[in-house]
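Novice: Could you look at this predicted model? Sequence included:
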Amino acid sequence: MKNLIKSAFIASSMFCIVAQAADSPTIIGKNDWLFIHYEFAQPSDSEDTQATIQTLIKANKLFEKKGITLALVLVPSKITINYDQLPDGLGLDSYTSGKYESAVKSLRASGVNVVSLKQAFLNSPNRNSDTPLFLRLDTHWSFTGALLAAETIQSEFTNNPQLKSALAKTPEEKYTLTWATNKVKVRTRDLVKLLPKGAPTYPPEEMLKFNVNRLSESNAGLLGSGDTTAITVIGSSYTNKNTGYPDAIRYTLQRNLLDISIPVDQGPWVGMDAYLRDDAFKSNPPKVIIWEIPERELRSPPNYKYRDTRYIIDNNEWVSKIEASLK
């Protein structure tokens, strides 16, 4: 991950706007908050961003033909949610500030069901609380943020007729959620690992976690299918079970699901391709796919040149492979 982020960072022009250590992509913010330079968007990314948006639009149409409903979850960048913790002299430029909303607008205009998390995160009283939405020392969301994301997903499924109809065709389960009474130390701190030598040291931060449990008196099979994996949740490391995000969706949707987390070096495209070619998908395709993609990955279409060469593929070729897998 370190080499990948550094290479992308070197490719950017962010070196010239922050007078911090040139060998580190980490930004040291206020109140022990750390950020990553890579989340700053640039107009020079616009061509790649448009390629990503068009690729997602094409993929959505292919899923529709297959009878699969796609919900695209865009994770807002940490710098846009906790912008007030950035160091003095480093504010959000207009392009970075507006990129998320612009992408959501374009995708929705072309029929993609987008779950927009940004406003919910900005409005949350937990944004800068002692249980913040993002970890201070890591790029990922906390359990608090993961649950808010899941609650926003649930709200979109309730208010979007297409998503509501698709969800109604999946079997219900009964889940409970219980918050722990004490915080635990967080071992994930990827931004600390990217700090240069001589940087400040940071004690482990603490996070409040929840547990999600399925009740024995489940209604699975009530719809007659007995299929408890009619929903697939797929995405980046934000979707990793250790973030609490898959369980949070199980609870808010009251559905079981298959969860797949894709390593950061692969990007979102390789993992989706591999999933759609898997025998498990071929024999039992889901009715709903909830695809999580971080906002910062909007600049990284399948042919993104700064990705590991093993995972670079022509944009149209990727679409063709997805089309073949969905036939």
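Specialist: Now that the structure is in, tell me what you want to look at. Numbers count the residues shown, from 1 in each chain.

Novice: Low-confidence ranges, this protein, go.
Specialist: Scanning the chain for pLDDT under 70 picks out 1-23, 217-228.

Novice: Quick one: the strands in the stretch 101-250 of the chain, in order.
Specialist: 113-116, 175-179, 184-185, 206-207, 210-214, 231-235 (DSSP state E, counting those that start in this stretch).

Novice: what's in contact with the fifth one?
Specialist: Residues external to strand 210-214 that are found in contact with it (CB atoms under 8 Å, 6 or more residues apart in numbering): 143, 147, 173-180, 244, 247-248, 250-251, 256. Backbone N, C-alpha and C define where each C-beta goes, glycine included.

Novice: Relative to the whole chain's centre, how far out is that strand?
Specialist: Centroid displacement of strand 210-214 relative to its chain, using CA atoms, centre = their mean, to the nearest Å, is 21 Å.

Novice: In that strand, which of the residues would be classed as buried?
Specialist: By 16 or more other CB atoms under 10 Å, the buried positions in strand 210-214 come out as F210, V212, R214.

Novice: What remains of the contacts of strand 210-214 if I keep only buried residues?
Specialist: By 16+ other CB under 10 Å, these give F143, L147, E173, Y175, L177, G244, D247, A248, R250, Y251, N256 as buried.

Novice: And the helices in the stretch 151-300 of the chain?
Specialist: 161-168, 190-193, 245-253, 267-277, 279-283 (DSSP state H, counting those that start in this stretch).

Novice: ok now the helix ranked longest in the chain, how far from the chain's centre?
Specialist: When the chain is scanned for its longest helix (criterion: DSSP state H), the result is helix 46-66. Centroid separation between helix 46-66 and its chain, computed with CA atoms, centre = their mean, is 17 Å.

Novice: how about it: buried residues?
Specialist: 48-49, 51-56, 58-63, 66.

Novice: ok and that helix relative to helix 161-168, angle-wise?
Specialist: 50 degrees (axes from the mean of the first three to the mean of the last three CA atoms, to 10 degrees).

Novice: orientation of helix 46-66 relative to helix 267-277 in degrees?
Specialist: Using the same axes, to 10 degrees: helix 46-66 against helix 267-277 is 20 degrees.

Novice: can I get the CA coordinates of helix 46-66 in PDB?
Specialist: C-alpha atoms of helix 46-66 as PDB (Å, rounded to 0.1, in the frame of the first residue of the first chain):
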ATOM      1  CA  SER A  46     -11.000  15.000 -14.700                       C
ATOM      2  CA  GLU A  47     -10.400  12.800 -17.800                       C
ATOM      3  CA  ASP A  48      -9.700   9.700 -15.700                       C
ATOM      4  CA  THR A  49     -12.700  10.600 -13.400                       C
ATOM      5  CA  GLN A  50     -15.000  10.800 -16.400                       C
ATOM      6  CA  ALA A  51     -13.700   7.500 -17.700                       C
ATOM      7  CA  THR A  52     -14.500   5.900 -14.300                       C
ATOM      8  CA  ILE A  53     -18.000   7.400 -14.300                       C
ATOM      9  CA  GLN A  54     -18.700   6.100 -17.800                       C
ATOM     10  CA  THR A  55     -17.400   2.700 -16.900                       C
ATOM     11  CA  LEU A  56     -19.700   2.500 -13.900                       C
ATOM     12  CA  ILE A  57     -22.600   3.600 -16.000                       C
ATOM     13  CA  LYS A  58     -21.900   0.800 -18.600                       C
ATOM     14  CA  ALA A  59     -21.500  -1.700 -15.800                       C
ATOM     15  CA  ASN A  60     -24.800  -0.700 -14.200                       C
ATOM     16  CA  LYS A  61     -26.600  -1.200 -17.500                       C
ATOM     17  CA  LEU A  62     -25.100  -4.700 -17.800                       C
ATOM     18  CA  PHE A  63     -26.300  -5.600 -14.300                       C
ATOM     19  CA  GLU A  64     -29.800  -4.400 -15.200                       C
ATOM     20  CA  LYS A  65     -29.900  -6.700 -18.200                       C
ATOM     21  CA  LYS A  66     -28.900  -9.600 -15.900                       C
END
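
Novice: Many thanks, we can stop here.
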